[in-house]
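Novice: Sequence and predicted model, in that order:
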Amino acid sequence: MKKIILLFLICIKLHSQSYPDFKPLRFDENYEVLQKDTVKKNWYKTMKYLPLSSSGKTYVSFGGEVRYQYFYAKNEKWGDDPQDPDGYILNRFLLHADFHSSKYFRAFIQLQSSNANGRIDPSPVDSNPLEVHQGFIDINLLSEKNKQLIFRAGRQELSYGSQRLVAVRDGPNNRQSFDAAKAIFGYHNFRSDLFYSHYVVAQDGIFDDYSNKKRQFWGSYFVINKIPAIKNIDLYYLGYERANANFDDASGKELRHSVGTRIWGKYDEWRYDAEAVYQFGDVDSKDIKAWTVSLNTGYRFTSVVLKPEFGFKVELISGDKTNGDNALNTFNPLFPRGAYFGLASVIGPSNLVDFHPSVSFELAKNIDWVIDYDMFWRYSSEDGIYGPNTIMIYPGNATDAKEIGKQLESEIIYTPNQYLYFRVEATWFKAGDFLKAAGTGKNMFFTGVTMQLKF
């Protein structure tokens, strides 16, 4: 307890000084600005910016993250999984070093250690004792204020847009990475990424994660900002191939192409994010014809006490229309964020209709209270339901019922500064007719506490 209090006091002291903000992708951070004398020199500044040359252009920066979580679930997977009476603890440690030599060369390495204590039969997503999570080099051919051309090669995280299709999977204990080659081009309000990669498979040993050459992933992603009326637009193509796909109505080699667009931005107190994706290709001998559309919007009343924000999200995600025909209509979310509909839900975005109203309150400057209500149905009664990784939870032939269930979630988030993060949450999932017919169908309760330190 004394150590925790000491870390808290150190972070409060650091907060009184000016440092660059942490980024969701830690390699996006730039601490060269600390070369100036605007921040008083101390051990933390030395860790974030350690010059290795007299000019200060060659330097190394260190950083990391410590996260502890406690979770308890009653009737996990709606009663089909063994009951754990005591709950379990997850912890994750990330440590990185970022080396820059002038503005033309950069090397980044990050270690990850994820552990599960008290978890019954943890998967590698929960327990992965020690791995090289990222290790890549950058060659900067063009590095100016509004112009950028970078070639990147090595193990790295990929994250695009709203993270509906490509994410770092931060919610689960073990973040995901890819062995990839990527070209990054930026010009004023335009940015594009071109990449080819193999998915990195997590194992439960030490330094044993491997690049799965049977899961290839490639694509191009374009972002245009500051467009009149619509503000921002994303345009993308993503290609995916794996040797052993398994859907309710198809199995075998999968070759899938995804083309999509996303419009997003903010007008005064309104925020909006709309996305549409179409998929084609084949699984074994069946033609893929799948799609999804989503809208995520909200409005914050800044002049009202507690500054409430009312949000609404809706998603339509295709499922297979006719079992036994020559087409497959099941949408594949590729590599989405793991806790797609909250940390308690194991449902993934395939064959789904989701209505999701929410409200949040600003209880204090750094304390937010969020309440979500999710309603889930199967899009097609001919298809089953899947996890975020498209592993089937239940096949679709148990019943014609479409209602999966309803989920009520509430969480309080406290962020005293950029270094510390605390969250308390609880979720109640009421099983619908489909879950009661396909499995045990019990109502599920889930609660957890998260504590995180970044440096």
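Specialist: The structure has been received and is ready for your questions.
Novice: Could you give the average pLDDT over stretch 158-170?
Specialist: Averaged over stretch 158-170, pLDDT sits at 95.
Novice: And for stretch 268-281?
Specialist: Mean predicted confidence for stretch 268-281 is 97.
Novice: List the contacts of that stretch.
Specialist: Outside stretch 268-281, the residues that touch it by C-beta atoms under 8 Å, 6 or more residues apart in numbering are 161-162, 164-165, 254-266, 287-302, 331-332. In short, each C-beta sits where N, CA and C put it, glycine included.
Novice: Keep only those of those residues that are in strands.
Specialist: 254-266, 287-300 (DSSP state E).
Novice: Can you tell me which of these are buried?
Specialist: Neighbour-count burial within the ones in strands among the contacts of stretch 268-281 applies to 254, 256-258, 260, 262-265, 288-292, 294, 296, 298-300; the criterion is 16 or more other C-beta atoms under 10 Å.
Novice: For the residue lying farthest from the centre of the chain, which three-state class applies?
Specialist: For the chain, the largest distance from the centre (C-alpha atoms, centre = their mean) belongs to residue 54, which lies 39.6 Å off. Under DSSP: H, G, I helix; E, B strand; the rest coil, residue 54 falls in the coil class.
Novice: for it, phi and psi?
Specialist: Dihedral pair for residue 54: phi -60, psi -30, per degrees, to the nearest 10.
Novice: any idea how far residue 62 is from it?
Specialist: 21 Å (C-beta to C-beta, to the nearest Å).
Novice: quick one: the strands in the stretch 351-455 of the chain?
Specialist: 352-364, 367-377, 385-386, 392-394, 403-414, 420-431, 444-454 (DSSP state E, counting those that start in this stretch).
Novice: what bits of the chain have low per-residue confidence?
Specialist: For the chain, the stretches with pLDDT under 70 are 1-17, 37-39, 345.
Novice: Would you check how far apart the residue nearest to residue 176 when sequence neighbours are not counted and residue 178 are?
Specialist: Nearest residue to residue 176, sequence neighbours excluded (C-beta to C-beta, 6 or more residues apart in numbering): residue 169, at 4.4 Å. Plainly put, residue 169 is 11 Å away from residue 178 if you go by C-beta to C-beta.
Novice: got it, and residue 194?
Specialist: The gap separating residue 194 from residue 178 is 14 Å, by C-beta to C-beta.
Novice: Residue 276 now?
Specialist: Residue 276 sits 25 Å away from residue 178, going by C-beta to C-beta.
Novice: do the same with residue 209
Specialist: With C-beta to C-beta as the criterion, residue 209 and residue 178 are 11 Å apart.
Novice: shared neighbours, those two?
Specialist: Contacts common to residue 209 and residue 178, judged by C-beta under 8 Å, 6+ apart, are residue 200.
Novice: still on that earlier bit, pick out whichever of residue 276 and residue 178 has more residues nearby.
Specialist: Applying other C-beta atoms under 10 Å to residue 276 and residue 178 shows that residue 178 carries more neighbours, namely 23 against 15.
Novice: what sits against that one?
Specialist: 155-158, 197-200, 217.
Novice: Out of these, flag the one nearest to residue 29.
Specialist: The closest of the contacts of residue 178 to residue 29 turns out to be residue 157 (C-beta to C-beta; 13.2 Å).
Novice: If you drop the residues flanking it in sequence, what lies closest to that closest one?
Specialist: Per C-beta to C-beta, 6+ apart, closest to residue 157 is residue 168, 4.8 Å.
Novice: same thing with residue 407?
Specialist: residue 374 (4.1 Å).
Novice: For the one you found, give its distance to residue 388.
Specialist: 15 Å.
Novice: and if you look at residue 232?
Specialist: Where residue 388 is concerned, residue 232 sits at a distance of 26 Å (C-beta to C-beta).
Novice: For the two, indicate the residue with more neighbours.
Specialist: Looking at residue 232 and residue 388 with other C-beta under 10 Å, you find the greater number of neighbours at residue 388, namely 24 against 16.
Novice: Contacts only, for the residue nearest to the more buried one when sequence neighbours are not counted.
Specialist: Nearest residue to residue 388, sequence neighbours excluded (C-beta to C-beta, 6+ apart): residue 348, at 3.8 Å. Shown in contact with residue 348 (C-beta under 8 Å, 6+ apart): 333, 336, 340, 385-390.
Novice: can I get those in CSV with distance to residue 378?
Specialist: As requested, those are exported to CSV (distance: C-beta to C-beta, whole Å):
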residue, distance to residue 378
333, 16
336, 18
340, 16
385, 6
386, 11
387, 15
388, 16
389, 18
390, 15
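Novice: which of those has the most neighbours?
Specialist: That'd be residue 386 among the contacts of residue 348, by other C-beta under 10 Å, with 26 neighbours.
Novice: Quick check: beta-bridge partners of it?
Specialist: On the basis of DSSP bridges, residue 386 is bridged to residue 392.
Novice: Use 38 as the first number for this chain going forward.
Specialist: In the new numbering, first residue 38, that becomes residue 423.
Novice: correct me, but it touches residue 387?
Specialist: Yes: proximity of residue 423 to residue 387 meets the contact threshold set by C-beta atoms under 8 Å, at 4.3 Å.
Novice: which other residues reach stretch 101-120?
Specialist: Stretch 101-120 has contacts (C-beta under 8 Å, 6+ apart) with 121, 123-133, 157, 210, 380-381, 383, 430, 466, 468, 472, 476-492.
Novice: hmm, 7 Å instead?
Specialist: Here stretch 101-120 makes contact (C-beta atoms under 7 Å, 6 or more residues apart in numbering) with 121, 124-133, 157, 383, 468, 472, 476-492.
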